[in-house]
Every structure is written in structure tokens, then in C-alpha cells.
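# sequence and predicted model, in that order:
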Protein chains: 2
Amino acid sequence: MQRTWTSELTHRCGERVLLRGWLHRLRRLAGVSFLVLRDARGLAQVVIDDADLAAFVDRLHAESVLEVEGVAVASSQAPAGVEVREPQVRVLVAASAPPPVHLFQPTLRAQLPTLLDHAAVTLRYPRRRAVFEVTAATMAGFRASLRARCFVEIQTPKLVAAATESGANVFPVEYFGRRALLAQSPQFYKQMMVGVFERVFEVGPVFRAEPHDTPRHLNEYVSLDAEIGFIRDHRDVMAVLRHAIAGMAEAVRSDAAEAAALLDVELPEVPDPIPSVDFREAQRLISAATGERLEHEPDLAPAHETWLGEWARREHGSDFLFVTGFPMAKRPFYTHPAPDDPKFTNSFDLLWRGQELVTGGQRLHRHEDYLAVLAARGEDPAPYAAYLEAFRHGMPPHGGFGMGLERWVSRLVGAANIREVALFPRDLSRLTP
Amino acid sequence: MQRTWTSELTHRCGERVLLRGWLHRLRRLAGVSFLVLRDARGLAQVVIDDADLAAFVDRLHAESVLEVEGVAVASSQAPAGVEVREPQVRVLVAASAPPPVHLFQPTLRAQLPTLLDHAAVTLRYPRRRAVFEVTAATMAGFRASLRARCFVEIQTPKLVAAATESGANVFPVEYFGRRALLAQSPQFYKQMMVGVFERVFEVGPVFRAEPHDTPRHLNEYVSLDAEIGFIRDHRDVMAVLRHAIAGMAEAVRSDAAEAAALLDVELPEVPDPIPSVDFREAQRLISAATGERLEHEPDLAPAHETWLGEWARREHGSDFLFVTGFPMAKRPFYTHPAPDDPKFTNSFDLLWRGQELVTGGQRLHRHEDYLAVLAARGEDPAPYAAYLEAFRHGMPPHGGFGMGLERWVSRLVGAANIREVALFPRDLSRLTP
């Protein structure tokens, strides 16, 4: 007999069905018991009239793996409008102990460390699981939208010889008696690959040895990266990014509809184009409204981003806002200066609901510009030799962006702590499970 | 004026076009010169009649980035049946030096270390680039075929506290004053996730500190992993694997047709089902044919795999062959024993053209079986606590497989060395570029 998924039960009323899954819960009432069976797609209510069977199931620990054969019957009292009656229950695998956290409650009654310590079990909780359905849909949507624009997917090395971002915050690796580092981003490689494919993207892990213990930091996360050649300037990158984010939102809507509904996800409208404000203009707006003196500030504080988020909603009806033209002082050395004032850059941040979601911009593309900027910083170009070779041999104007997958999902599902949206998060103190 | 890709030129005959790309080659003949322009899609021949323009282009180094405006004209002499005449040439970025390797030759005249040292440039060579179009199509095909069977994509941590395979061959990482390891595979995590999604897959980097300097080893590679719950035994995993490989081949055929043609890729037929032979029967066949005594050998030698590959072609008309039922001695501790003889296992290797491509099988799923097998090996279960918790709380019969992306591509394109099919390979001596 072929297995029926719990989600298909409503279409099988009147039929004999075989379900497989986990003993999510047993509720024993006076004359009847209800076994709730969970599989990868949902829950099913199984009605047990037989006192012996009820007693037998009651002796099993929750999370035991069962096979249930019975008749699907429409029932207005059952949670999904259908339940399974006259069940035969076979134990495939008996759980050895009660679960560390009860999974049947409407809200998991456990602190975050407990949830994370027992991830192998707590990820089975339907609302925890739904988060990672949203994650999977996001990755699929990111890739599909870029593939539709002829981007080629690449996989670049995570073991590297030199830091791509700042020299700090890298994890050292013992590599056959030498010191290697874990890649902080695929930045250099995706730029080099613009010389090959013009348009590339990557979905992969990045590693940041930042010793911050906050609800917003992970030391290993998944980065959604893209890079594109033959651009006018950063505005072409912003258009690609808008397209990618719209694709991510659309994929969550279509591929993870039930998970999104379970989590009360409010999928954003992504305006086309996303409104944009220049950094200096943003400072002027904030100063005019708040009285703060900002003209010598090289970056936006979180409170400023919040203010701009509200402003974008008010003035443009948009949850998204590009801030462009950040000062060079706060941007990495490969950032392309603004043509009208080299103290500023052809870079951008994308704010979503008043918080930074993505950073990107146009990069330098001339070999001599790289040599000049490294010299001005007093940096030896030797560690960058392989990277600089790409520019020595002809690179078009190009740019790109990097976006933390967990940051997107965490905002989408309203997580209080970004660790809630990583399957097995890594932080200052956490290397297991 | 909108850019035309070189691959679209044949559809633009008679029209004025704007091309962008790299100066691939300039051929100067007596009365005329031919500029070959390369973009991400192909090559275009540009005819230069003007002696001054030819002299100007001749002063540029190859790989300079150009914009060429001219008229697309059908021409039986042009390589693609179309060429660009009356060109205006604008230099977007002049290359600073001649390329380290000439990219216009039919075969790159350089040794592998030179190709790898100068990857930023040599990956632009059309046949090198085509390899990574095949790679991208393979990843897309793997994901699409598994998504179609309701597998959920996961991203598991690469920084771990304990080795997943053998304790040797792991790279240590300095992690905030503690010792972490780089994951050798997502094995434990994908099994744990069977308890959540029943069917999961992952495409991501794995790290093996094997000090082997051979044409078949990489120390970092991309692993295509899947794991599936509620199986009968390893045969259900084999069916999923067949489906995934057929999807990979089909995606190369449809998404990377030109790259595959350029590389003379002979795409395999994937029979359904793939023929299968038991390990002991395979040994008997080889013994009968060669006279070798194999009954106490716990594994197949490469020569035996070659013999079996020829046998499968002869007897079954198949390039693929499953060998099942390997002895327990050579399989990892989580391998499920064969029901009829626990010295053997419910595991398999998939041979392709006489070489191992994939390893997989059924895993143990009972908590007590894990405890027993670790005790029998004299291993402390404590480092496995987070992993074992999944089994303590009910795990269905399950199994899966792991396949090296580069191994598949390398066989497909006939690479002599697996380093040819990694963008920026990592080996005993190579950490750059």
C-alpha cells in the first residue's frame, strides 16, 4: 500500500490510507484518544477508540516513528477537516526517551539555548521547520531570478591565503603546516569571474571571526553574492538586486506558502524601481527632522536607518530604500569612487524596514587604480597578486552585492535572534550541535 | 544603443550592432585585419579595413576591453557565418600587459601549474570556461531533480567540533581560542535533518586534509549530498540517485549544450534501473575471469572496478553499475548491516565507466544500534552526543549518498587532472589564487 502524506488526507476521504510519521502527541479523553501523527508535510489526527491500543500508544515516548493504517473520514471536529479512524498502528522505531522539549505546544516553551542545544529534535517543531522551508525557497528564488538573467553559478574556495575584507576577523586554519584562512566573502573570486562569465552568483558559507555576542551576529553564515560586468555604474547593480529580491519574495510566496502562513510572514512588495536617496541628502533630511549635526559622520547609525525606513514608507510607500554614495572612508578599498567627488563612492546599502539588508556597489576595474589605492593605504600589493592579475589583463566596469541569507529570513519571519534562523548556528560559544 | 551578444549576431545581419567584450585576437593580413572579440557567450569576427584603426588596435594588449559598433554582415568566410564590418572601436579598459598565456590558440600551450597560477586569465579561454558552464548546469540539474521529488535544500555548518568521517584528515581551525574542525562532509547534519524534512539535499564545500598529491584528489571540493527517510533499504536510495544523475545529465544537455559540444562531452545514457551486482558476486565474476583470489579482500581495487565497468557495458549495455553489499570493515560506523549477514552492508558504490562516482547506502537508525557499534569500536559516544540525540528521539529507516561535483565533471569532460575542473583548486601546495 502506498504511503499517503498527511497533507493529502483531505483528498482521500472514504479511502483506506497508510500514513508514516512521528508520534507528535497522544491526547487521552474519557472514551476516546487522539493520536496526532506528524510527517514532513503536516499533521494528521488519528482517532483511537480501542482502549488497549490507546494504552499501547500511551506507553510509547513522543517522537516514536509509526506507521498508521486506517480510513480517512471527513470530520468537522478534526483540525484539518479530516481524521483517520479504525487505525492499525505499527511501531517502526520506538523513541528511547521523552523529547527534551514538548513539540505539540502552540509555542515552544523553551529558551533559545535549549532550542539550539537540542536542535536535532526542536527543528522538528512545525514552526521551527517552517523557517527553513522559507530559507530553501529563498535560495531557489535567488538562483532562479539570476539564472533568468544569464548569471552563471560559481563555487569559489573557502580556504584562502589572504583576507578579502579587513585583515582582522579571520579564522586561521592549519593547512599542511601552513596558515590558511577561512574566506570572509567570495569578493575577490566573484570579481575575477566577471572576466570569465561577466555575470556570476554564488550561494555559500562565509566565515567572520567577529567576537560579538549579539542577537544579530553569526560567525558562519550563508552569503548570497552576485557580480556583474559592463555596467554603467552602481545603478545597474541596484536593478539586478531589486530583481533578485523580488524573485526571493516570489519564491517564498509560491514554494513555501504554507510555511509562510504558519509563520505569519508578511511578504514585502518590492517596488520597481526601489526608491533611492543619496547619503548626503539622507543626512540633510535626518538633520532637518531631528536637529542632529551629521555632516562629518561617515556612516549612518541604526537610529538613522530607522528614521529613513519610516521616511521611505511615508514619502514613497516603500519598505525598501537604497542609500547611495557613502563616504569612501567606510567602504572597502575596491570600491569605485563617485565621479563627481572621490571622497564619496558609487556604493549603496539597501535598507528594508529601516535596517540594512544588503551592501553593494561598483568596484574599481582599472589595474592602476588598484595599485594607487593600495599604495595610498600603505599596503603591499604582493598578497593580492592573483586578484590583481585579473585587472592587469582587462576588466570591464563591474559591481555586485552580498546579502546574508539568515538576515533576510530573520527579518521575514520576525525572529528576535538571528540564531533562530540558522539550522546549527555558530557563535562565540557555540560549535555544537 | 543596446548591446548585442556575440551569440546573437547571426540574427542581426544587415543591422547596426554594438558589441562589448575582450580583444581576443588581432590577425593582420596584407590588406585587412581581423579583430576577434570575445564576450561571455562567444566570439565575433570584426573586419578592419582602415590601416590606422588596425595599427591602433595592434598597439593594444590582448584582453583589453572594447566596445565595437558596426554592421553585422553575413559572410561565408567568417567562422560563425557572420562578421562585423565598418567598425568603430572604443577602448573601455586597456590591458596593462600581454596575457601570461595566449588565449586564441586551439589548445592552450601551457602546463597545468601555469594555467592554475594564472586562473584569473586562463579561465577566460573558451574551453576552460565551458567546463564551468557544465558545472553550473550540473548543480542546477541536481537541485531540480531532487526538488521535484520534494527534497528540501539545507545549508549545514562547515565549522564543527568533531570529525564526521575518520578522525584523521581534518583541518583544524583556531576558533576563539578553541579548536574547531572543517567539516569533511555534511553526513551527521543531513541525517539529523531527515527527522525534520524526511528528504534533504545540500550542495556545498567539504574539506579533506588528505596529504595525497594525485591527479584525483582535491583538499576542498563541492559535495552533492542527499538523504532520504522512510526507505525500505539502500535500493530506494539508489533509485533517488539514478534520478538525480539523469537530471544532471539532462541539465547539461539542455542548459550547457554549446559548452558540452565545445568540450566533446559524450553525455551518458542513464538506464532505469541502473544494473546492480552484489559485492561478493562481483568478486566471483572477477575471480572467474582473471584467476585472482579475492574472497578475503574487503574492497575493490581500481583494476577490479575497470573490469566491472567493461562487464557492465558488455552484459548490460550500461556505463553505470551499482556494486552493493560491501563488507562492513571498509564502511563508516553509521552504515546499516545487511539483514542476512552483518559482516556485509546495505551500502553501494556507483561505478561510471569503470570508476567509482558515488558512495552511499542505508544508515543505522536505532539509537541502541549506534551505542552498540560505538562500544564495539571502543569509541566514547560523548563527542557524538548531539548527533545521537536525533536517534534517541525516533528516526525512521533512512539512507543517502554523497558525490563529488568535480569528480563528475572531470569524467564528463575527460580531464586528465581533477584540478582542471575546480575554478581555484586547493591541494597540498596550492592555496592561491
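Received, thanks. Numbers count the residues shown, from 1 in each chain, chains lettered A, B, ... in the order given.
# and the helices in the stretch 251-400 of chain A?
A:257-262, A:279-290, A:302-316, A:367-376, A:385-392 (DSSP state H, counting those that start in this stretch).
# which one of those lies nearest to chain B?
Closest to chain B of those is helix A:385-392 (CB to the nearest CB; 2.9 Å). C-betas here are computed from N, CA, C, even on glycine.
# pLDDT weak spots in the stretch 101-250 of chain A?
Within the stretch 101-250 of chain A, the stretches with pLDDT under 70 are A:164-167.
# make a markdown table out of the helices of the stretch 251-400 of chain A and add distance to A:L108, mean pLDDT and mean neighbour count.
Output for the helices of the stretch 251-400 of chain A, formatted as a markdown table (distance: least, CB to CB, whole Å; pLDDT from 0 to 100; neighbours: other CB atoms under 10 Å in any protein chain shown):
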| stretch | distance to A:L108 | mean pLDDT | mean neighbour count |
| --- | --- | --- | --- |
| helix A:257-262 | 13 | 96 | 17 |
| helix A:279-290 | 40 | 96 | 16 |
| helix A:302-316 | 29 | 97 | 16 |
| helix A:367-376 | 50 | 96 | 15 |
| helix A:385-392 | 46 | 96 | 21 |
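# how about CSV for those, with distance to chain B added?
Below are these laid out as CSV (distance: least, CB to the nearest CB, whole Å):
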stretch, distance to chain B
helix A:257-262, 10
helix A:279-290, 27
helix A:302-316, 25
helix A:367-376, 5
helix A:385-392, 3
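# make a markdown table out of those and add distance to A:V421.
Converted to a markdown table, the helices of the stretch 251-400 of chain A look like this (distance: least, CB to CB, whole Å):
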| stretch | distance to A:V421 |
| --- | --- |
| helix A:257-262 | 12 |
| helix A:279-290 | 29 |
| helix A:302-316 | 20 |
| helix A:367-376 | 36 |
| helix A:385-392 | 32 |
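# of the ones you listed, which is nearest B:A375?
helix A:257-262 (40.0 Å; CB to CB).
# what's the offset of the closest one from the middle of its chain?
With CA atoms, centre = their mean, to the nearest Å as the basis, helix A:257-262 stands 16 Å off its chain's centre.
# from the contact counts, what lies against that helix?
Identification of packing neighbours for helix A:257-262 by 3 or more CB pairs under 8 Å, 6 or more residues apart in numbering or on different chains; DSSP states H and E yields helix A:126-147.
# packing partners for the helix it packs on?
Against helix A:126-147 (3+ CB pairs under 8 Å, 6+ apart) you get strand A:199-207, strand A:220-229, helix A:234-255, helix A:257-262, helix A:405-413, helix B:126-147, strand B:152-153, helix B:187-197.
# so which residues make contact with the shortest one?
Among residues not part of strand B:152-153, those counted as contacts by CB atoms under 8 Å, 6 or more residues apart in numbering or on different chains are A:40, A:132-133, A:136, A:139-140, B:143, B:147, B:193, B:197, B:199-203.
# what do you get for the fifth one?
The contact list for helix A:405-413, computed with CB under 8 Å, 6+ apart, reads A:130-131, A:134-135, A:138-139, A:203, A:216, A:218, A:221-224, A:248, A:252, A:263, A:265, A:267, A:352-353, A:355, A:357, A:415, A:417-418, A:420-422, B:155.
# distance to B:G394 added to the helices and strands packed on helix A:126-147, as TSV?
Below are the helices and strands packed on helix A:126-147 laid out as TSV (distance: least, CB to CB, whole Å):
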stretch	distance to B:G394
strand A:199-207	30
strand A:220-229	29
helix A:234-255	28
helix A:257-262	22
helix A:405-413	26
helix B:126-147	24
strand B:152-153	19
helix B:187-197	7
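# please name whichever of those is nearest to B:F171.
strand A:199-207 (12.6 Å).
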